[in-house]
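K.L.:
Sequence isn't available, so here's the structure alone:
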C-alpha cells in the first residue's frame, strides 16, 4: 500500500532498513553500529550480531550484548540520542519515535524501531524477539534491562510489573 495508509509489523522492514543503511554508508551494518554508537558509549564488550550464515546480519533481531552495555544504550535512548553531551543519533529519531500514530483506523504504537509502552507515562522500549527489553521511563530517569526466553510484551503482566516497580522508586 501507499506509505502511511496501513500498518503491520514485519521483520522484513527492519531487515530492509539495515540494508539501506549499509548501502548508503558503504559500511557493513554491524561495523557501522559498532563504530558510530557502541564504541562511543563506553561499552564493555563488542556487540555481536547473528548473521544469516554468510555475512548478512539479521537486522530485525539477534543483537547480543551484556546487560550493562544494553543499559548504556538505554541511557542514549532516554537522552534522545545523546551520550555525555554528544548527539550520536539524531534527536528527531526519538522525538518522532515515541509518538503514537493512527493509520488505517488503528492506534499504532511502534515507530523508529521503538515500542510506545505507555504514552501517558512517556515510557517506551526496544523489544527483542524473545522478551529482551530496553525499557525507558524518562520522567524518573529509569532504564530497565530484561533478558528472557519468552516475550511478555503481549501480556498485561509486564506493564503491571514495571508500573509497580516505577511507583516504588
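P.N.:
That came through fine. Only a predicted model underlies this, so the values are computations on that prediction, with no experimental measurement involved.
K.L.:
can you list contacts of the longest helix anywhere in the chain?
P.N.:
The residue-count maximum for a helix in the chain (DSSP state H) belongs to helix 11-25. If you take CB atoms under 8 Å, 6 or more residues apart in numbering as the criterion, helix 11-25 is touched by 28-29, 32, 57-61, 113. C-beta coordinates here come from the backbone N, C-alpha and C atoms, glycine included.
K.L.:
Stretch 62-81 now?
P.N.:
Contacts for stretch 62-81 (CB under 8 Å, 6+ apart): 37-38, 41-45, 47-50, 82-83, 87-91, 93-95, 114, 124, 126, 128-129, 132, 134-136, 138, 141, 143-145, 147.
K.L.:
7 Å instead?
P.N.:
Residues outside stretch 62-81 that contact it (CB atoms under 7 Å, 6 or more residues apart in numbering) are 41-45, 47-50, 83, 87-91, 93-95, 134, 136, 138, 141, 143, 145, 147.
K.L.:
Next: stretch 84-91.
P.N.:
36-37, 40, 76, 80-81.
K.L.:
Greatest separation within those: which pair is it?
P.N.:
Spanning the widest gap among the contacts of stretch 84-91 are 36 and 80, at 16.2 Å by CB to CB.
K.L.:
More neighbours: which of those two?
P.N.:
residue 80 (17 against 14; other CB atoms under 10 Å).
K.L.:
Next, the more buried one: secondary structure please.
P.N.:
coil (DSSP: H, G, I helix; E, B strand; the rest coil).
K.L.:
so how far is residue 131 from it?
P.N.:
Distance of residue 80 to residue 131, given as CB to CB, to the nearest Å: 25 Å.
K.L.:
picking that back up, just the ones in helices from the contacts of helix 11-25, please.
P.N.:
29, 32.
K.L.:
And the contacts of helix 11-25, which is closest to residue 168?
P.N.:
residue 113 (29.3 Å).
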